[in-house]
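Participant: build me a model:
(one chain, ligands or ions: 1)
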Amino acid sequence: MFDACIVGSGPGGVSAALGLRGRRVCMLDAGLLPPPRPNLESNVFDLRQSTPDLTSDLLGDDLSGLAHIFRTPVSLKLNSPGTSFILELADRITPVVSDSFHAAISLAQGGLANGWGAGVYRFHQRDLGALPVTTAQLAPFYDAISAHMGVCGAEDDLLSDFGTEPQLQPPVRLSANMARLYARYQSRRAFFHRHHARIGRARLAVLTQPHNGRAPYAYRNLEFFQAHDPAIYNPAFTLRGLIRNREIAYEPNWIVTRYEDLEAGVRIHAVSLDQQRSQVFEARKLLLAAGAINSARIALASNYDFGTRLPICDNSLAVFPLLDLRAIGAPLGTHDAGVAQLNVVLDDGPRTFQGSIYGSTGALRSDLLPNFPLPLRSSLAFARACAPALSLLMLFYPETPRATNYLRLRPDGSGTLDAAYQWSPDAVLERRLCGLWRKLGVVCLPSLIQHPAPGGGIHYAGTLPMASSRHGAYQTHADGRLNRTRHVYLCDGSIFPELPAKNLTYTLMALALRTATRLNEGLA
Ligand SMILES: Cc1cc2nc3c(=O)[nH]c(=O)nc-3n(C[C@H](O)[C@H](O)[C@H](O)COP(=O)(O)OP(=O)(O)OC[C@H]3O[C@@H](n4cnc5c(N)ncnc54)[C@H](O)[C@@H]3O)c2cc1C
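Facilitator: Here you go, the predicted model:
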């Protein structure tokens, strides 16, 4: 029997594994791996000059990378032949059926963080909401995760929003567009502050200096085509280290379906990815880090519960195109950062919104075409001329649990979840924001703002929320233990009672490390 069994190798799972070092730990994981992409070894724009045909690497032999022209993808970043493994098989093996919620579930080693933007921000006490943990209790765990991953950014106007990092690497380089935008903001700071808006350099789990044997960011614009850039933190890196040092027994190709919480420990039922074999694993403690949706599925299935509606939250998203007219037709900065370069925070009464601003060199120009209200040939010319002038602001909305937004397990034994989700954007706020951006010298038209379908924020949370008292069947105690179980702990986004606009993964990792460290002490 293992001391502990962790389900999942995403940010939550590997953070839990770090906290359980020294114990006999097994990690059960679906564990899909990225396909090799040997052609993609330098900057994508240089490669396009030197390699006769990159169609297979950028779009796929079946041109599946163009699928977004016909149906809205959950994220363009998960569409290419080198990144589609991140969502592979999930539709079939752990399905979510809904006409109002588009779930992105990963069965990959490293989870959704194979494609994440790596934005990492410390939560304030108010961001933690009803979570019965204080920021002071979390601080040492943030510090440990930060030292492990490496974080870059700057101590600027967003310092009080994002918190202090003990070792902050310099921020990623700004493109010409972004530098102009930022300079204009700095000359109009008082105006922006009066309007409760702040802009600063992006805070990212991306290296700009070597760290823990990993190379710094090389401005290759490959984020949309390849996972495992050594500069961008990926939980698979941590997992490999733990396996190499024999600190964990890693068991890939397993789908955990349910657990039995017994007096002396847990029995964990799993089926192989090809659905041909099943096996039972035993451990003293079970740490679920299968992602907020799949951990909820396992909890419901373990109780044979086909009636309960579990809450689900996501940071709904608005994408603002920002066009700098003076840069139209300028040469494209082919060695600019494909990761976020600036962050924006905006207070609107009691609500705070947060966004990341990206340049346009990460995605393919073909990715932009469906957004232009022009015939194809004109769209191509327009995209070529506008790409150097275009930045994209991804604005995240905060979310609280609502009766309309839920998951429920189907009673047919298939493990399918039904989901429903209602959300509508705040048009007044978005128009106000467009006005602010115009002060930065960019064109930002409310009619061009895109709203991905609910689920498109891919920051899932709140399915098994942590509470300080009066626990229901599917609530979690402050030590991470699922109520009405003796040995089952949650180590992913499921435990957040609500979502601030601030992206959750860094906090999810700090909480997972805290839960596992305390369990480790108790297992003595
Ligand atoms: C395009 C994109 C951009 C993002 N950008 C950011 C960002 O900038 N900042 C931020 O904070 N967050 C971001 N996120 C969200 C972030 O990736 C997730 O919050 C984070 O990965 C969740 O971590 P997790 O460990 O809880 O779950 P996941 O990453 O979903 O990992 C789940 C793990 O569990 C395994 N698994 C699942 N089900 C089972 C099962 N039944 N049995 C066995 N194994 C199972 C999977 O193989 C996987 O290893 C982004 C996500 C995407 C897709």
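Participant: any idea which helix or strand in this protein has the lowest mean pLDDT?
Facilitator: Within the chain, no helix or strand scores below helix 365-368, which has a mean of 72 by mean pLDDT, DSSP states H and E.
Participant: off-centre distance for it?
Facilitator: Offset of helix 365-368 from its chain centre (C-alpha atoms, centre = their mean, to the nearest Å): 22 Å.
Participant: go on, stretch 37-55?
Facilitator: Worked out by C-alpha atoms, centre = their mean, stretch 37-55 lies 27 Å from the chain centre.
Participant: so what touches it?
Facilitator: Here stretch 37-55 makes contact (C-beta atoms under 8 Å, 6 or more residues apart in numbering) with 57-58, 61, 63, 81-82, 218-222, 225-226, 332, 334-335, 361. The way it works is simple: take the backbone N, C-alpha and C, and place the C-beta from them, glycine included.
Participant: gap between the closest residue to residue 364 other than its chain neighbours and residue 367?
Facilitator: Nearest non-adjacent residue to residue 364, counting by C-beta to C-beta, 6 or more residues apart in numbering: residue 58, 6.4 Å away. Going from residue 58 to residue 367 by C-beta to C-beta, to the nearest Å gives 10 Å.
Participant: again, but for residue 461
Facilitator: To residue 367, residue 461 is 28 Å away according to C-beta to C-beta.
Participant: quick one on the thing from earlier: may I have the least confident helix or strand of the chain as PDB, with CA atoms only?
Facilitator: Taking Å, rounded to 0.1, in the frame of the first residue of the first chain, the C-alpha atoms of helix 365-368 are listed here in PDB:
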ATOM      1  CA  ARG A 365      -2.600  34.900 -39.700                       C
ATOM      2  CA  SER A 366      -5.100  32.300 -40.800                       C
ATOM      3  CA  ASP A 367      -6.300  32.200 -37.200                       C
ATOM      4  CA  LEU A 368      -7.500  35.800 -37.600                       C
END
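Participant: what helices or strands is it leaning on?
Facilitator: helix 376-386 (3 or more C-beta pairs under 8 Å, 6 or more residues apart in numbering; DSSP states H and E).
Participant: flag every buried residue along the helix it packs on.
Facilitator: Going by neighbour count (16 or more other C-beta atoms under 10 Å), the buried part of helix 376-386 is 379, 380, 382, 383, 386.
Participant: residue contacts, the first one?
Facilitator: In this structure, residue 379 makes contact with 369, 372, judged by C-beta under 8 Å, 6+ apart.
Participant: kindly state the pLDDT recorded for it?
Facilitator: What the model reports as pLDDT for residue 379 is 82.
Participant: quick one: is the helix or strand encompassing residue 26 near the ligand?
Facilitator: For residue 26, the host element (DSSP states H and E) is strand 25-28. Yes. Using C-beta under 6 Å from any ligand atom, we find that strand 25-28 touches the ligand at residue 28.
Participant: could you give the mean pLDDT of that strand?
Facilitator: For strand 25-28, mean pLDDT is 98.
Participant: adjacent strands (with direction) for that strand?
Facilitator: With DSSP bridges as the test, strand 25-28 is paired with strand 2-7 (parallel), strand 249-251 (parallel).
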